[in-house]
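# could you look at this predicted model? Sequence included:
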Amino acid sequence: MRDVVQRWLEAEPDEDVRAELRQLLDGDADELARRFGGRLEFGTAGLRAEIGAGPLRMNRLVVRQTAAGLGEYLLDTYPEAAHHGVLIGFDARRKSEAFALDTALVLAAMGIRSRLLPEPLPTPVVAWGTSEVAAVAGVMVTASHNPPADNGYKVFLGSGSQIVSPIDAEISERISRVDACSVVVAAEASPLVERLGRELVDGYLASVADLRLRPEVGGVTVAYTPLHGVGGRVLLEAFAHAGFPPPIVVERQFDPDPGFPTVSFPNPEEAGAMDLVIDVARQRGAAIALANDPDADRLGAAIPTPDGTWRLLRGDEIGWLLADHILSHTDGDDRLVVTTLVSSSLLSKLAVEHCVHYAETFTGFKWIGREVQQRPDQRFVFGYEQALGYLVAERPLDKDGITAAVMMTEVASVAAADGVTLQDRLDGLADRFGRHITAELSLKMDPVDGTARVAALRVDPPERLNGAAVTGMQDYPEANLLRITLDGGVRVQVRPSGTEPKVKLYGEAIDADPSPFIAALAALI
């Protein structure tokens with residue numbers, strides 16, 4: 001292993017990573033084994049890991065190896081890959097810009113054209129731009145809402161949707177053939193690397209104006225934070241294009257900062273992450289508080305309650321409000337709405353009410369994108385997953401927290417014009433369909449162990465949970481998910497996480513709390 005580490009040390013282009021490797025060579029054999037005992041697996045979310053030395057961390061050698069494997073896949077699969085090329089973007093995390101440039105230079109050495117975005121930008125701009133320039137693929141260097149020490153590498157298809165199986169395995173197989181220490185890199189002046197200006201960003205923003213379904217309605221007061229990510233300035237411009245006044249921003253969290261100094265976990269879903277923007281919203285009398293995650297492909301929201309306090313909206317609640325608004329202000333029986341297996345069942349009832357097509361697909365937004373592409377005779381109008389991912393436009397075929405923020409602002413503005421609150425809108429949905437209550441629980445667990453325990457449930461399912469009889473069970477092996485239906489209409493679901501060492505449980509009940517039922521399932525696991 002020391003010989004392997006020495007090769008990595010000699011090939012590593014960054015001095016801070018070389019210093020880390022030298023320190024490990026001087027004495028920490030256990031840590032060396034953890035760093036060099038395999039390689040990062042390229043999955044449906046691409047790569048994501050802590051920045052550091054070795055094949056099981058994110059560094060420039062791993063990125064070059066990945067880019068070379070991706071390039072081989074593109075050349076093998078698409079006859080016009082070299083000409084149509086790859087669009088490459090990056091966020092403001094540590095080493096993101098270097099990872100993006102290395103990707104472009106590796107592809108250029110393989111004869112593949114690259115277009116490199118000019119500055120740290122949101123993931124949705126890259127996804128939208130990939131199809132806009134007819135690139136064969138897009139690459140976004142980002143760790144999304146992961147902790148500050150991490151970075152990652154996300155790949156889009158030419159449609160702007162994320163890769164799905166088996167494409168991830170085909171790319172991974174080619175990556176495995178590449179020696180990370182000997183990847184050829186073109187010169188920075190290569191004519192195959194085009195450094196773009198703001199034209200794609202401007203095109204994306206111009207498309208925002210077409211989102212408005214009630215453009216005559218003025219905007220309400222909105223408080224907003226990008227959580228130290230790259231969404232802030234693009235969102236301000238998006239609001240202007242949509243005809244909304246600028247939101248009140250959380251100044252301490254507005255500028256991109258890879259250290260994320262005010263939040264321990266920069267994810268709007270996490271407890272405390274939206275505390276500052278809620279404080280601003282309360283002080284300024286806002287109708288809604290909004291937050292993007294660091295790469296701005298997710299949207300969190302909070303609303304005031306009748307007693308003057310504020311509460312976070314669950315991901316499903318945001319989805320219901322967006323869906324009800326969009327379906328109420330569009331028409332046509334060719335419309336399509338899509339959600340995921342673990343999201344609420346309420347969208348299916350809205351679809352029936354509005355006589356539109358409905359699809360339910362596997363967990364992860366990439367599957368929503370695939371579902372839309374498989375239904376070319378239907379007109380997609382809305383898709384969401386409960387993990388704060390929303391798509392309110394035809395493109396990109398991936399979640400977009402910027403356009404979702406614009407649409408959520410219109411939802412709040414129309415409610416205010418009608419003399420009601422967003423809580424009133426949610427109460428109205430409960431009156432029509434029953435109060436759908438959802439709950440989630442995560443069990444920290446080794447991925448192999450978690451997968452085995454969920455598999456054991458398939459073989460020997462329970463007869464009762466929390467005193468309620470099990471009335472049905474559906475297995476979705478492609479999503480590694482098990483759905484159990486209980487007497488009284490309660491639904492509980494379980495799956496091992498695809499990106500974290502967790503087993504995730506989801507529950508839904510109508511006019512009842514599903515938490516005791518998922519707790520009972522957790523106890524079995």
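Yep, that arrived.
# helices of the stretch 351-500 of the chain, start to end?
Along the stretch 351-500 of the chain, counting by DSSP state H, counting those that start in this stretch, helices occupy 365-373, 401-417, 422-433, 447-459.
# need those in a markdown table (columns: mean pLDDT, mean neighbour count and distance to Leu465).
Where you see a C-beta, it was placed from the backbone N, CA and C, and this is true even at glycine. Shown next, in a markdown table, are the helices of the stretch 351-500 of the chain (pLDDT from 0 to 100; neighbours: other Cβ atoms under 10 Å; distance: least, Cβ to Cβ, whole Å):
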| stretch | mean pLDDT | mean neighbour count | distance to Leu465 |
| --- | --- | --- | --- |
| helix 365-373 | 94 | 23 | 27 |
| helix 401-417 | 98 | 24 | 34 |
| helix 422-433 | 97 | 16 | 24 |
| helix 447-459 | 89 | 14 | 11 |
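# any chance of these in TSV, plus distance to Ala240?
What follows is the helices of the stretch 351-500 of the chain, written out as TSV (distance: least, Cβ to Cβ, whole Å):
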stretch	distance to Ala240
helix 365-373	27
helix 401-417	10
helix 422-433	23
helix 447-459	44
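# which among those helices is found nearest to Val106?
Of all those, helix 365-373 sits nearest to Val106, with 24.0 Å by Cβ to Cβ.
# name the nearest residue to Val201, ignoring sequence neighbours.
Closest residue to Val201 apart from its sequence neighbours, by Cβ to Cβ, 6 or more residues apart in numbering: Val125 at 5.9 Å.
# spit out the contact partners of that neighbour.
Val125 makes contact with 89, 117, 200-201, 204, 234 under the criterion Cβ atoms under 8 Å, 6 or more residues apart in numbering.
# equivalent analysis for Gly160, please.
Taking Cβ under 8 Å, 6+ apart, we find Gly160 in contact with 127-128, 130-131, 138, 369, 395-398.
# which one of the residues you listed sits closest to Pro268?
Nearest to Pro268 among the contacts of Gly160 is Asp398, at 17.5 Å by Cβ to Cβ.
# re earlier: by neighbours, which of the contacts of Val125 wins?
Greatest neighbour count in the contacts of Val125, by other Cβ atoms under 10 Å, goes to Gly89: 32 neighbours.
# from memory it sits against Pro124, does it?
No. Using Cβ atoms under 8 Å, Gly89 makes no contact with Pro124, being 9.9 Å away.
# ok so, going back, switch the contacts of Gly160 over to a markdown table; also include distance to Lys502.
Conversion of those to a markdown table gives the following (distance: Cβ to Cβ, whole Å):
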| residue | distance to Lys502 |
| --- | --- |
| Ala127 | 26 |
| Trp128 | 31 |
| Thr130 | 30 |
| Ser131 | 33 |
| Gly138 | 28 |
| Gly369 | 24 |
| Arg395 | 32 |
| Pro396 | 28 |
| Leu397 | 27 |
| Asp398 | 23 |
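# filter those to the buried ones?
127-128, 130-131, 138, 369, 395-398 (16 or more other Cβ atoms under 10 Å).
# so which of those residues belong to strands?
Gly138 (DSSP state E).
# give me the subset of the contacts of Val125 lying in strands.
Under the assignment DSSP E, the contacts of Val125 contribute Gly89 to strands.
# tabulate the contacts of Val125 (TSV), appending distance to Gln23.
Shown next, in TSV, are the contacts of Val125 (distance: Cβ to Cβ, whole Å):
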residue	distance to Gln23
Gly89	33
Leu117	35
Leu200	41
Val201	41
Tyr204	43
Val234	39
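# residue ranges with poor pLDDT in the protein?
For the chain, applying pLDDT under 70 flags the ranges 498-499.
# domain map for it?
Taking automatic domain parsing as the criterion, the chain consists of the domains 2-197, 219-433, 436-524.
# out of those domains, which comes closest to Val208?
Closest approach to Val208 among the domains of the chain is made by domain 219-433 (4.5 Å; Cβ to Cβ).
# span of that closest one from start to end?
Taking Cα to Cα, to the nearest Å, the first and last residues of domain 219-433 lie 29 Å apart.
# now stretch 283-290
With Cα to Cα as the measure, stretch 283-290 spans 15 Å from end to end.
# give me the contacts around it.
Contacts with stretch 283-290, where a contact means Cβ under 8 Å, 6+ apart, come from 220-225, 247-248, 274, 277-278, 280-281, 299-304, 310, 405, 408-409, 412-413, 416, 421-422.
# now do the helices in the stretch 201-350 of the chain.
Under DSSP H, counting those that start in this stretch, the stretch 201-350 of the chain gives helices at 232-242, 275-284, 315-328, 346-354.
# tell me which stretches of the stretch 201-350 of the chain form strands.
222-225, 248-249, 288-292, 299-304, 310-312, 335-340 (DSSP state E, counting those that start in this stretch).
# could you check the angle the last one makes with helix 315-328?
When you say that, I think you mean strand 335-340. 170 degrees (axes from the mean of the first three to the mean of the last three Cα atoms, to 10 degrees).
# which helices and strands sit right next to strand 335-340?
Secondary-structure packing of strand 335-340 (3 or more Cβ pairs under 8 Å, 6 or more residues apart in numbering; DSSP states H and E): helix 315-328, helix 346-354, strand 357-361, helix 365-373, strand 379-385.
# hmm, back to that, which one of the contacts of Val125 is nearest to Leu213?
Nearest to Leu213 out of the contacts of Val125 is Tyr204 (Cβ to Cβ; 19.1 Å).
# is the closest one in contact with Val126, as I believe?
No. Taking contacts as Cβ under 8 Å, Tyr204 lies outside contact range of Val126: 9.5 Å.
# please export the C-alpha coordinates of stretch 390-409 as PDB.
Written as PDB, here are the backbone C-alpha positions of stretch 390-409 (Å, rounded to 0.1, in the frame of the first residue of the first chain):
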ATOM      1  CA  TYR A 390     -39.900  20.500  -6.900                       C
ATOM      2  CA  LEU A 391     -40.200  21.000 -10.600                       C
ATOM      3  CA  VAL A 392     -42.700  23.600 -11.800                       C
ATOM      4  CA  ALA A 393     -41.500  24.100 -15.400                       C
ATOM      5  CA  GLU A 394     -40.900  21.800 -18.400                       C
ATOM      6  CA  ARG A 395     -37.200  22.200 -18.000                       C
ATOM      7  CA  PRO A 396     -34.800  21.300 -16.600                       C
ATOM      8  CA  LEU A 397     -35.900  17.700 -15.900                       C
ATOM      9  CA  ASP A 398     -34.500  18.000 -12.400                       C
ATOM     10  CA  LYS A 399     -35.500  19.700  -9.200                       C
ATOM     11  CA  ASP A 400     -35.200  23.400  -9.200                       C
ATOM     12  CA  GLY A 401     -35.300  25.500  -6.000                       C
ATOM     13  CA  ILE A 402     -35.200  28.800  -7.900                       C
ATOM     14  CA  THR A 403     -38.300  28.400 -10.000                       C
ATOM     15  CA  ALA A 404     -40.000  26.700  -7.100                       C
ATOM     16  CA  ALA A 405     -39.400  29.700  -5.000                       C
ATOM     17  CA  VAL A 406     -40.900  32.000  -7.700                       C
ATOM     18  CA  MET A 407     -44.000  29.700  -7.900                       C
ATOM     19  CA  MET A 408     -44.300  29.400  -4.100                       C
ATOM     20  CA  THR A 409     -44.300  33.200  -3.900                       C
END
